[in-house]
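**Student:** sequence first, predicted coordinates after that:
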Amino acid sequence: MEDLQTVESMTVHGALGSVCTGGHYASVPEVKDAVHAMYEQAITRPMFCHLSVPRSPLPTPLPFPSIFGNLVGQRGELLGSPVSGSSSRGSLDVHSVPMAVRLHSSSAVLPYIENRLGNLRIFGIERGAPGAELLRSWGFGKDDLDDMEETLSKMVMALAPHSQLSSDSD
């Protein structure tokens with residue numbers, strides 16, 4: 001049985017579109033729609049989910065070994081028929097590959113989130129916080145920090161309603 005308090009983060013680089021689109025790179029909305037459709041069919045869903053969709057694939061570095069088979073195209077796509085020539089292909093034949101990563105955590109992530117919330121308050125939000133000037137130099141204003149605090153507080157409360165941490169905005 002899955003934990004109802006799961007947290008998930010997905011990153012999808014250079015996803016290829018459907019065969020109907022001629023094998024072009026999928027747009028960000030296409031990837032998001034596909035992920036949301038997957039969750040609609042799922043029995044359980046994560047409580048929090050973050051999806052990142054860079055359209056660029058991962059480039060294959062030049063000294064990369066010949067590990068790809070002859071059914072892999074230049075953009076890492078799977079081909080219907082083998083490419084003539086050698087049975088293994090390297091970076092000269094395969095220029096880039098799509099990549100997807102899914103990080104899935106249970107409610108065991110709670111101490112991590114509580115720690116980040118505490119650090120945000122101590123080092124960034126409280127009066128005279130040592131990191132406040134650094135955060136401002138990075139372009140984060142008071143409203144941004146308050147939004148981060150509120151989001152982390154909501155996550156903590158959802159994962160552990162009995163938690164002693166509270167937000168000043170509550």
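**Tutor:** Yep, it's here.
**Student:** ok, now which ones touch the residue nearest to Val109 when sequence neighbours are not counted?
**Tutor:** Excluding the flanking residues, the one nearest Val109 by Cβ to Cβ, 6 or more residues apart in numbering is Val7, at 5.1 Å. Glycine gets a C-beta too; all of them are placed from N, C-alpha and C. Applying Cβ atoms under 8 Å, 6 or more residues apart in numbering to Val7 gives the contacts 46-49, 104-106, 109, 155.
**Student:** do Phe64 as well
**Tutor:** 90-91.
**Student:** that one should be in a helix, yeah?
**Tutor:** No - the assignment for Phe64, made by DSSP: H, G, I helix; E, B strand; the rest coil, is coil rather than a helix.
**Student:** packing partners of the top helix by length along the chain?
**Tutor:** Assignment by DSSP state H gives helix 142-159 as the longest helix of the chain. Packing partners of helix 142-159 (3 or more Cβ pairs under 8 Å, 6 or more residues apart in numbering; DSSP states H and E): helix 110-120.
**Student:** packing partners of whatever helix or strand comes next after the helix it packs on?
**Tutor:** Using DSSP states H and E, the helix or strand that follows helix 110-120 in sequence is helix 132-137. Where contact means 3+ Cβ pairs under 8 Å, 6+ apart, helix 132-137 is not packed against any helix or strand.
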